[in-house]
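Colleague: return atomic coordinates for the entry below.
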Amino acid sequence: MDRIRIQLKVNGEDREALVPVHHTLLEVLREELALPGTKHGCELGECGTCTVLVDGKPVLSCLALPVECEGREITTVEGLSAGGTLHPLQQAFAELGSAQCGYCIPGFLLSAAALLRERPHPSRNEIAEATAGNLCRCTGYLKIFEAIELAAERMRARDTVTADD
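Modeller: Down below sits the predicted model:
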């Protein structure tokens, strides 16, 4: 089996791996770099379960080749928290019970993180549009949208306090 050596920057760390040439970014993250938060879903780019951020933009890792991501910043769900502190999105999802089985949640979290970085005051429609590529088979999406709204509110309040210091 042909392998290639790749260098990726994942969650702020430079990582190197010798990977089969046919592996997707999803497979490399999970199997080679031991980051299981990125989930296998449909593997056809239709469910959003495997969403990661590449240079801050949502990307379906089941369709991305690792060599396309060399030299770019990749963020997985493991990279959202900092220093043992949950990201406001993770905290809001947990508090509001926005996950039932939880399998799709990493993809939602990363899609929402990208949205909130660009739009700190998203409308419900903007949230729905930003997460439209993420499918959940357990919930009616309402709790997910509410968690994103709560996190946005908290992030704005935190940023206001930080700016005042």
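
Colleague: roughly how far apart are the spatially most central residue of the chain and Val59?
Modeller: Centroid check for the chain by C-alpha atoms, centre = their mean gives Leu110 as the closest residue, at 2.5 Å. Leu110 sits 9 Å away from Val59, going by C-beta to C-beta, to the nearest Å. For the C-beta atoms, the positions are set from N, CA and C on the backbone; glycine is no exception.

Colleague: got it, and Ile127?
Modeller: Taking C-beta to C-beta, one finds Ile127 at 19 Å from Val59.

Colleague: likewise for Gly79?
Modeller: 14 Å.

Colleague: same thing with Thr75?
Modeller: 10 Å.

Colleague: find the residues that touch each one of these two.
Modeller: 52-53 (C-beta atoms under 8 Å, 6 or more residues apart in numbering).

Colleague: can you tell me which residues contact Leu109?
Modeller: So, once contact is read as C-beta under 8 Å, 6+ apart, Leu109 ends up touching 77, 80, 87, 89-90, 93.

Colleague: dump these into a markdown table; add secondary structure, pLDDT and distance to Leu150 as well.
Modeller: What follows is the contacts of Leu109, written out as a markdown table (DSSP: H, G, I helix; E, B strand; the rest coil; pLDDT from 0 to 100; distance: C-beta to C-beta, whole Å):
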| residue | secondary structure | pLDDT | distance to Leu150 |
| --- | --- | --- | --- |
| Val77 | helix | 97 | 18 |
| Leu80 | coil | 96 | 16 |
| His87 | coil | 96 | 12 |
| Leu89 | helix | 97 | 9 |
| Gln90 | helix | 97 | 12 |
| Phe93 | helix | 96 | 9 |
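
Colleague: could you export those as TSV, including distance to Pro20 and neighbour count?
Modeller: Shown next, in TSV, are the contacts of Leu109 (distance: C-beta to C-beta, whole Å; neighbours: other C-beta atoms under 10 Å):
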residue	distance to Pro20	neighbour count
Val77	24	25
Leu80	28	20
His87	32	19
Leu89	33	28
Gln90	32	19
Phe93	34	25
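
Colleague: ok so, going back, isn't the residue nearest to the centre of the chain up against Cys50?
Modeller: No. Taking contacts as C-beta atoms under 8 Å, Leu110 lies outside contact range of Cys50: 9.8 Å.

Colleague: just to revisit the earlier point, nearest to Arg119, of the contacts of Leu109?
Modeller: Distances from Arg119 to these, taken as C-beta to C-beta, are shortest for Leu89 (13.7 Å).
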